[in-house]
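Trainee: What follows is a predicted structure for the sequence shown.
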Amino acid sequence: MSSMKLELNSAQMSTHKRLMRRIVDFETIYVLCRDDRKGYLLLLALEEDHWRILESLAANHATGIMEELREMPIDKQGIEAIRMALKHWSAEKTPGRPAKYDPDREGQEIFVYHVYGGKTIRAIAKEFHMGPATVQKLLNRVRFQVADRFVSGELPLAPDAPNYDQNLGVLRWAAKNSNGENRARYMEFLKTALANA
């Protein structure tokens, strides 16, 4: 298994047993969203050229709640499945004055909504109860993080991979909006990727 490392301690493994048994079949796992406090994991997994979303809510032995594991294949409606899972997760926010956001979690959700889901900055700002400038700031931060992960080889960039055009767009954006060594690094990687396509 390669990818962002899914590191769980023994207590977490015991509350995500069904998930642990399932993910051994996958060759690549990406963590889309993680909240250890609530025992929540949202993963993107590759198994023999088939992408799947795995959503796990850990068992809580104190309250008697059993682990919930949902698995959704990625097909034409794959991005919609990701959006629905993230929407379900963000719906747990309390009404009224918005709580302070977690830049990593909200940034990743905003990135998926905008880059892969095609949602506008204004629509995302309304849904997340944020100003458009805050949404743009979080989006840009994650764009650079994802571009860095492509360049480092942590994320694959193959022409036959899902969302190849969107991923190239992220790299182009990073090259255009950076300078110095970073810009040179993104441009070099982009040229190599396009030459090998």
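Mentor: Great, that's in hand. Numbering: from 1, shown residues only.

Trainee: Show me where this structure has its helices.
Mentor: Under the criterion DSSP state H, helices of the chain are mapped to 10-15, 17-23, 78-90, 103-111, 121-128, 132-152, 164-176, 180-196.

Trainee: how about these, which one is nearest Leu54?
Mentor: Taking Cβ to Cβ as the criterion, Leu54 comes closest to helix 17-23 out of the helices of the chain, the separation being 6.5 Å. Placement of C-beta: from N, CA and C, glycine included.

Trainee: Okay, buried residues for the closest one please.
Mentor: For helix 17-23, the buried set under the neighbour-count rule, 16 or more other Cβ atoms under 10 Å, comprises 18-20, 22-23.

Trainee: want to throw those into TSV with distance to Arg183 and pLDDT?
Mentor: Output for the buried residues of helix 17-23, formatted as TSV (distance: Cβ to Cβ, whole Å; pLDDT from 0 to 100):
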residue	distance to Arg183	pLDDT
Arg18	45	78
Leu19	40	79
Met20	41	77
Arg22	41	77
Ile23	37	75
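
Trainee: avg pLDDT for stretch 187-197?
Mentor: On average, the pLDDT along stretch 187-197 is 86.

Trainee: then it to CSV, C-alphas only?
Mentor: Extracted C-alpha coordinates of stretch 187-197, given in CSV (Å, rounded to 0.1, in the frame of the first residue of the first chain):
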residue,chain,number,x,y,z
MET,A,187,7.4,24.0,-14.9
GLU,A,188,10.0,21.3,-15.2
PHE,A,189,7.7,18.7,-13.8
LEU,A,190,4.8,19.9,-16.0
LYS,A,191,7.0,19.7,-19.2
THR,A,192,8.1,16.2,-18.3
ALA,A,193,4.6,15.1,-17.6
LEU,A,194,3.3,16.5,-20.9
ALA,A,195,6.2,15.0,-22.8
ASN,A,196,5.4,11.5,-21.4
ALA,A,197,1.7,11.7,-22.0
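
Trainee: Report the separation between Ala195 and His50.
Mentor: When Cβ to Cβ, to the nearest Å is the yardstick, Ala195 and His50 sit 28 Å from each other.

Trainee: who has more neighbours, these two?
Mentor: Neighbour totals were compared for Ala195 and His50, and His50 leads with 11 against 7 (other Cβ atoms under 10 Å).

Trainee: Run through the bridge partners of the spatially closest residue to that one that is not a sequence neighbour.
Mentor: Residue nearest to His50 in three dimensions, not counting chain neighbours: Pro73, with 6.6 Å by Cβ to Cβ, 6 or more residues apart in numbering. Per DSSP bridges, residues listed as beta-bridge partners of Pro73: Arg52.
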